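# Sequence plus the predicted model coming up.
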Amino acid sequence: MRRIAALFAAFALCGCNTGVGAGAGEGGGGADTADATPVSDSDAKTRTAHRPALALFTSLPIFWAEGDIDALLDGKTRDHWAKAVIAREYALQPVDRLTQLGNPANGGVQRLFMAQPRALAGDENVALDSWVRGGGRLVLLADPMLEAHSEYGLGDRRRPEAMAMLSPILARWGLELAYDEAQGEGWRMAPTPMPLPISQAGHFRLTGKGHDSHCETQAGGLIARCRIGDGTVLAIADAALLQDGDTPVESAKTALRAMLKTLEAPL
């Protein structure tokens with residue numbers, strides 16, 4: 001647990017403008033400019049061929065952009081910026097149901113990125129818990145009050161989830177997701193070693209009732225790190241950095257890369 005926390009903090013200290021602002025975009029300050037580093041064709045092909053798989057489970061339009069079928073066929077939709085960031089290091093594999101994960105120790109998915117997922121079915125809660133305990137590495141962004149823009153109206157199942165409803169699996173791990181209604185609106189930097197832009201964030205509480213799990217919280221509960229069986233979970237009670245797929249706020253790319261880096265940390 002200490003090794004994972006140390007790696008997460010050290011990686012994040014690399015370049016950090018602590019201001020936050022929409023419109024930072026592709027060139028927004030600090031280490032976010034790393035995506036513009038030139039890469040030769042041969043290097044790019046070599047890196048692509050050796051990327052490890054990363055399963056993606058999300059209600060956000062990260063892998064598939066929003067839009068009707070005509071817009072998709074005409075190429076009028078834009079990919080979410082996070083897709084390119086993740087694809088630099090991983091081969092993304094979207095999953096529809098968590099029962100597809102398999103056994104991480106026997107040919108199944110080994111790494112999973114969950115960002116504002118839909119509510120899980122009962123068998124999915126069981127499958128996710130078993131997968132983590134079997135050695136799976138999970139990064140989870142669970143936001144209790146996400147304000148993502150969507151082309152779809154309220155009540156449409158294709159719309160990103162406004163509230164992460166994960167109480168059963170979090171309770172199994174000894175966590176509870178809460179929200180402080182008195183907090184101010186707007187973007188701010190989280191009190192973490194890494195540059196983490198947040199907005200209307202939640203926080204995790206330790207219940208002391210987890211089953212064979214050990215979790216620690218940081219930054220007032222914004223972050224929870226858990227060792228569960230043979231697996232690990234990095235949970236963040238905010239997903240606002242992903243809510244705008246066109247223009248990342250400043251330091252959003254740096255924060256996302258730091259989160260993903262924990263998937264490779266030694267146990």
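Now that the structure is in, tell me what you want to look at.

# Helix, strand or coil: sort out P195 for me.
coil (DSSP: H, G, I helix; E, B strand; the rest coil).

# So for it, what's the pLDDT?
What the model reports as pLDDT for P195 is 88.

# Once you drop chain neighbours, what's closest to it?
S251 (3.7 Å; C-beta to C-beta, 6 or more residues apart in numbering). In this view, the C-beta of every residue, glycine as well, is placed from N, C-alpha and C.

# Pull up the gap between that neighbour and L54, please.
Per C-beta to C-beta, to the nearest Å, S251 is found 21 Å from L54.

# Just give me the neighbour total for the residue nearest to P195.
A count of neighbours around S251, defined by other C-beta atoms under 10 Å, yields 29.

# which regions of the stretch 151-267 of the chain sit below the pLDDT cut-off?
Residues of the stretch 151-267 of the chain meeting the criterion pLDDT under 70: 151-160, 267.

# just the helices in it please.
Ranges of helices in the stretch 151-267 of the chain, per DSSP state H, counting those that start in this stretch, are 167-172, 252-261.

# Let me see the residues that make contact with the first one.
Applying C-beta atoms under 8 Å, 6 or more residues apart in numbering, the external contacts of helix 167-172 come out as 120, 122, 125, 128-129, 142, 176-177, 204, 207, 209-211, 213, 235.

# which of those residues sit farthest apart?
The span of the contacts of helix 167-172, defined through C-beta to C-beta, is set by G122 and F204 at 22.5 Å.

# which one of these two has more residues nearby?
Shown here are G122 and F204; by other C-beta under 10 Å, F204 has more neighbours (25 against 8).

# E176 versus the closest residue to the more buried one other than its chain neighbours, what's the distance?
Once flanking residues are discounted, F204 sits nearest to A224: 4.3 Å by C-beta to C-beta, 6+ apart. Counting by C-beta to C-beta, the gap from A224 to E176 is 10 Å.

# residues shared between the contacts of those two?
Taking C-beta under 8 Å, 6+ apart as the contact rule, A224 and E176 both touch F204.

# of these two, who's got more company?
Neighbour totals were compared for A224 and E176, and A224 leads with 26 against 15 (other C-beta under 10 Å).

# hang on, isn't the more buried one packed against A235?
Yes. The criterion here is C-beta atoms under 8 Å, and A224 meets it with A235 at 4.4 Å.

# overlap in contacts of those two?
L175, F204.

# Just grab the bridge partners of I236 for me.
L141, I223 (DSSP bridges).

# ok now do it, which residues does it touch?
I236 makes contacts with V139, L140, L141, A142, L196, L222, I223, A224, M259, as judged by C-beta under 8 Å, 6+ apart.

# That one and W64, how far apart?
Counting by C-beta to C-beta, the separation of I236 from W64 is 23 Å.

# Report the contact partners of N103.
By C-beta under 8 Å, 6+ apart, the neighbours of N103 are W131, G134.

# just W81 next, same as before
Residues counted as contacts of W81 (C-beta under 8 Å, 6+ apart) are E26, G245, D246, T247, P248, A252, K253.

# Highest neighbour count among those?
In these, the most neighbours by other C-beta under 10 Å go to P248, 28 neighbours.

# Double-check that one against L241; I have them as touching.
Yes. At 6.9 Å, P248 counts as touching L241 under the criterion of C-beta under 8 Å.

# E124: how many residues sit nearby?
E124 has 20 nearby residues by other C-beta under 10 Å.

# count of neighbours near A164?
A164 has 26 neighbours, counted by other C-beta under 10 Å.
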